[in-house]
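Asker: okay, sequence plus prediction incoming.
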Amino acid sequence: MLIASFKQNIDLYTVENNPFKFNLPPTLEHIRFLFTQTRFVRWLGNTALVGAIVVVITLLLAVPAAYALTRLTGRWGQRLGIAIFLTYLIPPTLLFIPLSRVVALLGLQDSIYSLVLVYPSMTIPFSIWLLMGFFKSIPRELEDAAMVDGLTRFGAFLKMVVPISVSGILTVVIFSFTLVTQEFVYALTFISPEANQMVGVGVPIFLVRGDVYYWGALMAACLIASLPIGIVYNLFLDRFISGFTVGSVK
């Protein structure tokens, strides 16, 4: 993607044994085309806005729900958590028709807020199931000790459980935002105007016109859209693969 973004058109359509070879100097034509001849910036803004709102909704609902299912429901919590997770496995292709009817009845057709309504139905079930695993790994003795010291159950949850589960919460944030950036079916079904498109739909639809593929602009758009997520993954990689339970007990 990086190399194709800066290749001249003559290099993009020339068959070479070495794909890393291209004529110098590199061109900024494709990036300039993206930012001046398309609504790429608007698509990025729509995606960032929807992603941020969906992440907030997911955290507000999934974190307390996962804690309640883990600590306050006994053995039925695990079964209910699995049942909630199974709803995440329903294919979007089975749901977009009835959901489009709901979106139309609410007057949200062609609005990015239709996606704000729909996406949490996918992110929340998975996030609850994921966070239940993190909360189970936290010894109950830590919360009991906090409550003996004067904290309420809610206070122990906020001051003890949440900080220890930061790695799980960060994973939920990245998962939810990534889903927003890559989801295609709902974004294509619910939104038609070019200005309201998400980046995952706007790029392949409006940079492919008939049998003409704007390969340089396509690769540049994919590169720009994927770089922030890749950087965030790299920054928090250690937190994704390591927990804080052992350290907190010690």
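Answerer: Right, received. Where do you want to start?
Asker: by mean pLDDT, point me to the weakest helix or strand of the chain.
Answerer: Here the helix or strand of the chain ranked lowest by mean pLDDT, DSSP states H and E is helix 245-249, holding a mean of 40.
Asker: strands of the chain, start to end?
Answerer: Ranges of strands within the chain are 208-209, 212-213, based on DSSP state E.
Asker: ok, Phe35 touching Val41?
Answerer: Yes: using CB atoms under 8 Å, Phe35 is in contact with Val41, at 6.3 Å. C-betas here are computed from N, CA, C, even on glycine.
Asker: shouldn't Arg42 be in contact with Ala195?
Answerer: Yes: if you go by CB under 8 Å, Arg42 and Ala195 touch, sitting 5.7 Å apart.
Asker: more crowded one of these two?
Answerer: Using other CB atoms under 10 Å as the criterion, Arg42 and Ala195 rank with Arg42 on top: 15 against 11.
Asker: so what's that one up against?
Answerer: By CB atoms under 8 Å, 6 or more residues apart in numbering, Arg42 lies in contact with 195, 197.
Asker: mind doing that once more with 10 Å?
Answerer: Contacts for Arg42 (CB atoms under 10 Å, 6 or more residues apart in numbering) come out as 194-197, 199, 202.
Asker: what do you get for Gly200?
Answerer: Counting by CB under 10 Å, 6+ apart, Gly200 makes contact with 43, 47, 180-184, 187-188, 225.
Asker: which other residues reach stretch 214-222?
Answerer: Contacts for stretch 214-222 (CB under 10 Å, 6+ apart): 1-9, 11-13, 27-35, 37-38, 40, 43-44, 199, 202-204, 206-208.
Asker: and that stretch, average pLDDT?
Answerer: Per-region confidence: stretch 214-222 scores 88 on mean pLDDT.
Asker: over to stretch 87-106?
Answerer: 83.
Asker: likewise for stretch 130-147?
Answerer: The model assigns stretch 130-147 a mean pLDDT of 82.
Asker: now do the end-to-end distance for it.
Answerer: Terminal residues of stretch 130-147 are spaced 26 Å apart (CA to CA, to the nearest Å).
Asker: now it: buried residues?
Answerer: Residues of stretch 130-147 classed as buried by neighbour count (16 or more other CB atoms under 10 Å): 130-132, 134-136, 138, 142-143, 146.
Asker: can you list those residues in CSV and add distance to Ile82?
Answerer: Output for the buried residues of stretch 130-147, formatted as CSV (distance: CB to CB, whole Å):
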residue, distance to Ile82
Leu130, 12
Leu131, 14
Met132, 9
Phe134, 16
Phe135, 15
Lys136, 13
Ile138, 20
Leu142, 25
Glu143, 24
Ala146, 29
